[in-house]
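>>> Quick one: sequence and predicted model below, then my questions.
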Amino acid sequence: LPQSKYPPRFALARSDARINFALNCGSAGGPDGIPVYRAHTLDAQLDRNARYVLRATAQVRASGKAVSVTLPKICQWYADDFGKGKAANLVKCLEKYLSAEQQELLRAASGARRVKFLPYSFVCRPLSLLPDDATSCQFVDTP
C-alpha cells in the first residue's frame with residue numbers, strides 16, 4: 001500500500017510475494033478456503049498457503065535439457081512482487097514452494113526455462129474457513 005495514501009501502520013515495510021497466495025477473492029480460479037491468520041503463526045501460514053496454491057496448480061515439465069513451468073495467473077499479474085517481474089525471477093522466488101519432484105526437475109534442467117500461466121476463472125463460488133491443520137485446498141479447473 002502506498003504510504004502517502006495510508007497511515008504507516010497499514011503499509012508493508014517490505015514486499016512479501018507470499019501475500020498473493022494468502023488473499024482470496026472468492027472466484028473459481030483461487031483456493032476454496034480461507035485460513036484464519038494469527039500473528040504468532042503468520043510466517044508459517046504464508047509459507048503453507050504458497051505451498052498449497054503452487055502444489056495444486058503449478059506444473060513443471062522437462063523436455064531434454066529444457067524445462068517448461070506453468071504457474072497460476074496471479075503470478076503473471078503481480079510478477080513484480082516476485083522479483084523484477086521477469087520469468088527467471090518468478091521461478092527462483094517460487095521454487096522452494098514447489099514439490100520435491102518439481103524442484104528436482106528445475107535443478108536438473110540445464111537448458112532454457114519457459115514460463116507459462118494458467119487461465120483464471122472469475123466465476124464466483126462459495127468459500128469455507130480452513131482449519132489450522134489443513135494440508136490442501138481445491139481449485140476449479142478452467143477451460
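Everything's here; your move.

>>> any idea of the mean pLDDT for stretch 97-106?
Averaging the model's pLDDT scores along stretch 97-106 yields 94.

>>> List of residues touching that stretch?
Outside stretch 97-106, the residues that touch it by Cβ atoms under 8 Å, 6 or more residues apart in numbering are 47, 50-51, 54-55, 58, 60-62, 67, 69, 91, 95-96, 113. To be clear about C-beta, it is placed using only N, CA and C from the backbone, and glycine gets the same treatment.

>>> now those: which count as buried?
When the contacts of stretch 97-106 are checked for burial by 16 or more other Cβ atoms under 10 Å, the buried set is 50, 51, 54, 58, 60, 67, 69, 91, 95, 113.

>>> other SSEs contacting the helix or strand of the chain with the lowest mean pLDDT?
Of the helices and strands making up the chain, the lowest-confidence element is strand 128-130, at a mean of 75, by mean pLDDT, DSSP states H and E. For strand 128-130, the contact count by 3 or more Cβ pairs under 8 Å, 6 or more residues apart in numbering; DSSP states H and E identifies strand 33-35 as packing neighbours.

>>> now the strand it packs on, how far from the centre of its chain.
Averaging C-alpha coordinates over strand 33-35 and over its chain gives two centres that are 14 Å apart (Cα atoms, centre = their mean, to the nearest Å).

>>> One more: stretch 77-96?
Relative to where its chain is centred, stretch 77-96 has its mean C-alpha point 10 Å off (Cα atoms, centre = their mean).

>>> Check which residues of that stretch are buried.
79, 81, 82, 83, 87, 89, 90, 91, 93, 94, 95.

>>> now, which of the residues you listed lie within helices?
Restricting the buried residues of stretch 77-96 to those inside helices, with DSSP state H as the criterion, leaves 87, 89, 90, 91, 93, 94.

>>> As CSV, those residues with distance to residue 18 would be great.
CSV is the format used below for those (distance: Cβ to Cβ, whole Å):
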residue, distance to residue 18
87, 19
89, 15
90, 13
91, 16
93, 10
94, 10
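
>>> partner strands of the least confident helix or strand of the chain, parallel or antiparallel?
Strand pairing for strand 128-130, using DSSP bridges, gives strand 33-35 (parallel).

>>> how about the helices of this structure, start to end?
With DSSP H as the criterion, the chain has helices spanning 19-22, 42-57, 73-77, 87-94, 100-108.
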